[in-house]
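In: give me a model of this one.
(4 chains)
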There are 2 protein chains.
Amino acid sequence: MSMRLQDVSETAPLRSCTHEYKVNCETCRLSKVCLPLAINHQDLEQLENIIQRSKPLQKNELLYHEGTPFQSIYAVRSGAVKGYRTTSDGREQVTGFYFPGEILGMDGISNNSHASSARALETSAICAIPFDSLERLSASMPSLQRHLFQLMSREITEDQLLITLLSKNSADERVATLLLSIASRNARRNLSASQFRLPMSRVDIGNYLGLTVETISRVFSRMQKNGILCVDNKEIEILDQEALQLAANIAN
Amino acid sequence: MSMRLQDVSETAPLRSCTHEYKVNCETCRLSKVCLPLAINHQDLEQLENIIQRSKPLQKNELLYHEGTPFQSIYAVRSGAVKGYRTTSDGREQVTGFYFPGEILGMDGISNNSHASSARALETSAICAIPFDSLERLSASMPSLQRHLFQLMSREITEDQLLITLLSKNSADERVATLLLSIASRNARRNLSASQFRLPMSRVDIGNYLGLTVETISRVFSRMQKNGILCVDNKEIEILDQEALQLAANIAN
DNA sequence: GCCGATTCTTGATCTGCATCATGGCCGCGG
DNA sequence: CCGCGGCCATGATGCAGATCAAGAATCGGC
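Out: Residues are numbered from 1 along each chain as shown, chains lettered A, B, ... in the order given. Take a look at the predicted model:
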């Protein structure tokens, strides 16, 4: 079996003079996705100085756990992460999937403790950004402050989209919408929008979309039969983008 | 018919020397709910100077509409507001209810245009807080900056709770959870947690909870029959707090 | 205080997805 | 190579809540 695409780091090679885990936003291919700041070289340096990068997370390793003290927000460099919260009866609710260039962990700010948990779906490299440093820095960098507000605001609007999806849409519409979302996020990183590997299991997809595994399977099968998708286990190919859009667009 | 409770302003009487619409956070009974800042007198004065208050909104009047330019976030002083977004097929999805002391409109920051709409559920007094001023002010007031981050973070965690509710809970559990949420928010304002008037219609409740009007009616009737609630149109009395909690707590 | 419009309730029926059950497939360790 | 465990697919059945329908209650305007 061939090497898994997602295991390849999507960051630029580190220059030889830098330490192995030294972060370098300036040369990071994701910087314009992750921190599209119109900030100058000096500001960027300041920002880099506070960012920490640790050993890559292995599949299924925990990034943070609900209830633990909040210290950092996290940027995905490579791999994929799922966010979830545990209900009082012990079940889990997946609240989001995070791909390279995306930021997670901001729900911990309000209580100084994480309101959700995050777990690597595959081997993933993660940047940790200590929030107190970020806060201090943003007080003197208006564009950074604004960027943080915008990041959080986007999280809110995305949650609202999911709320709408869960409350108004059928199984087919939910699945189609998720696939299109993943496709467009791939496109943003200059990856194929029509062919990709799902890093998460059917169980996670169902959980996220408020459906059972069986339903996810059936929807995939049906869409394959209808020539919309080609599904080979986790490998997805969108054969008929328009039909998929049509299947999703009933209500968003 | 007696005067409607919700029409009474919940703000402290304005002192005679202030202009009619002059805002005064310092004497506002809601200030510790709305802006629980450990900030000094001088800071508070600066904040007050940017806050605008206009003529109260009448029932069904629009506070802002999705797609329009974002300028301010809003604090409810009295009355109640619903937030919603319109789906592509013209239906609406209610994303939240906002009571006195609560802040809304933060989803507009990311795009500089409102991602949702807001409408008064009854006559409501609203404070508008221009966001660019707030941003500038918060750069020099760490506690204000932090408070804003926390406000937005709380919005995220609350949306995640709603996502879980919609994805995992039965009709009874959803309704029970909403009633308990309203009750506890009333308590925070020193109002009765066991007896209150719902400012929104059954349609809005159903829409918010991803259920139909008929289902809401049936759940209310059932809970009334079981001695958990006393329902008289929009007037709600919680007769058995514990049973209601039990009905809600299956999964949160 | 009357009347039309809207909102709410209740019943009967229908349906999309959950649940239950089973078997296949793939990856991995021995 | 085989056997085991996790993941996935698919069929049969059941049920919570949607939909359809018809009154009843409440509201708002005059």
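In: got the contact list for residue A:218?
Out: residue A:171 (CB atoms under 8 Å, 6 or more residues apart in numbering or on different chains). Bear in mind the C-beta positions are built from the backbone N, C-alpha and C, glycine included.
In: what's the helix or strand for it?
Out: Taking DSSP states H and E as the definition, one finds residue A:218 inside helix A:213-225.
In: tell me the average confidence for that helix?
Out: Per-residue pLDDT over helix A:213-225 has a mean of 96.
In: what comes up buried for it?
Out: A:215-216, A:219-220, A:223-224 (16 or more other CB atoms under 10 Å in any protein chain shown).
In: same thing with stretch A:91-107?
Out: For stretch A:91-107, by 16+ other CB under 10 Å, it's A:92-107.
In: just give me the closest of these to residue A:176.
Out: residue A:97 (15.8 Å; CB to CB).
In: SS state for that closest one?
Out: What DSSP: H, G, I helix; E, B strand; the rest coil gives for residue A:97 is strand.
In: that one contacts residue A:82, correct?
Out: Yes: in this structure residue A:97 lies within contact range of residue A:82 using CB atoms under 8 Å: 5.5 Å.
In: and the strands in chain A, which stretches?
Out: With DSSP state E applied, chain A shows strands at A:52-53, A:62-64, A:72-78, A:81-86, A:92-98, A:103-104, A:117-120, A:125-130, A:195-197, A:229-232, A:235-238, listed in chain order.
In: and the last one, anywhere near DNA strand C?
Out: No: with CB under 7 Å from any atom of the strand as the criterion, DNA strand C is not reached by strand A:235-238; the gap is at least 10.5 Å.
In: contacts for that strand?
Out: A:179, A:183, A:193-198, A:228-231, A:244.
In: kindly write the ChimeraX command that selects the buried subset of those residues.
Out: A single ChimeraX command selects the buried members of the contacts of strand A:235-238 (16+ other CB under 10 Å):
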select /A:179,183,193,196,198,228,229,231,244
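In: just the contacts of strand A:235-238 now: which is nearest chain B?
Out: Nearest to chain B among the contacts of strand A:235-238: residue A:244, at 15.2 Å, using CB to the nearest CB.
In: now that closest one: how far from DNA strand C?
Out: Noted for residue A:244: a distance of 16 Å to DNA strand C, by CB to the nearest atom of the strand, to the nearest Å.
In: I'd say that residue and residue A:229 touch.
Out: Yes: Residue A:244 is within contact range of residue A:229, at 7.4 Å (criterion: CB under 8 Å).
In: got any residues that touch both of those two?
Out: Contacts common to residue A:244 and residue A:229, judged by CB under 8 Å, 6+ apart, are A:179, A:223, A:238.
In: where does the stretch 151-252 of chain A dip in pLDDT?
Out: Residues of the stretch 151-252 of chain A meeting the criterion pLDDT under 70: A:250-252.
In: please redo it, this time with the cut-off set to 90
Out: A:189, A:233, A:249-252 (pLDDT under 90).
In: what does it put close to DNA strand C?
Out: Residues of the stretch 151-252 of chain A lying near DNA strand C (CB under 7 Å from any atom of the strand): A:170-172, A:206, A:210-212, A:214-215, A:233.
In: 6 Å instead, please
Out: For the stretch 151-252 of chain A, the contact set with DNA strand C under CB under 6 Å from any atom of the strand comprises A:170-171, A:211-212, A:214-215.
In: ok, these vs chain B, which is closest?
Out: Ranked by distance to chain B (CB to the nearest CB), those are led by residue A:211 at 8.6 Å.
In: please name the residues that touch that closest one.
Out: Counting by CB under 8 Å, 6+ apart, residue A:211 has contacts A:171, A:174-175, A:205.
In: in helices only, show me those residues.
Out: The helices, defined by DSSP state H, take in A:171, A:174-175, A:205 from these.
In: possible to save these as CSV with neighbour count and distance to residue A:161?
Out: What follows is those, written out as CSV (neighbours: other CB atoms under 10 Å in any protein chain shown; distance: CB to CB, whole Å):
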residue, neighbour count, distance to residue A:161
A:171, 17, 17
A:174, 24, 11
A:175, 26, 15
A:205, 23, 16
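In: ok, so what distance separates the residue lying closest to residue A:79 once chain neighbours are set aside from residue B:146?
Out: In space, and not counting its chain neighbours, residue A:79 is closest to residue A:124: 2.6 Å by CB to CB, 6 or more residues apart in numbering or on different chains. Per CB to CB, to the nearest Å, residue A:124 is found 29 Å from residue B:146.
In: also residue A:120?
Out: Residue A:120 is 30 Å from residue B:146, by CB to CB.
In: looking at these two, which is more packed in?
Out: residue A:120 (23 against 17; other CB atoms under 10 Å in any protein chain shown).
In: wait, what's in contact with the more buried one?
Out: A:57-63, A:79-81.
In: now it: closest residue in space that isn't a chain neighbour?
Out: Residue A:120 sits nearest to residue A:57 (CB to CB, 6+ apart), 4.0 Å away.
In: now do the contacts for the one you found.
Out: A:63, A:79, A:81, A:120, A:123-126.
In: 10 Å instead?
Out: Going by CB atoms under 10 Å, 6 or more residues apart in numbering or on different chains, residue A:57 touches A:63, A:76, A:79, A:81, A:118-126.
In: try residue A:228
Out: Residue A:228 neighbours (CB under 10 Å, 6+ apart): A:172, A:176, A:179, A:220, A:222, A:238-247.
In: near DNA strand D too, which of these?
Out: Okay, of those touching DNA strand D (CB under 6 Å from any atom of the strand), that's residue A:220.
In: among the contacts of residue A:228, which two are most distant?
Out: So, the contacts of residue A:228 by CB to CB: farthest apart are A:220 and A:242, at 18.4 Å.
In: which parts of the stretch 1-150 of chain A sit against DNA strand D?
Out: So the stretch 1-150 of chain A never meets DNA strand D (CB under 6 Å from any atom of the strand).
In: low-confidence ranges, the stretch 1-150 of chain A, go.
Out: Looking at the stretch 1-150 of chain A by pLDDT under 90, you get A:1-56, A:88-90, A:137, A:140-144.
In: from residue A:180, how far out is residue A:165?
Out: Distance from residue A:165 to residue A:180, by CB to CB: 11 Å.
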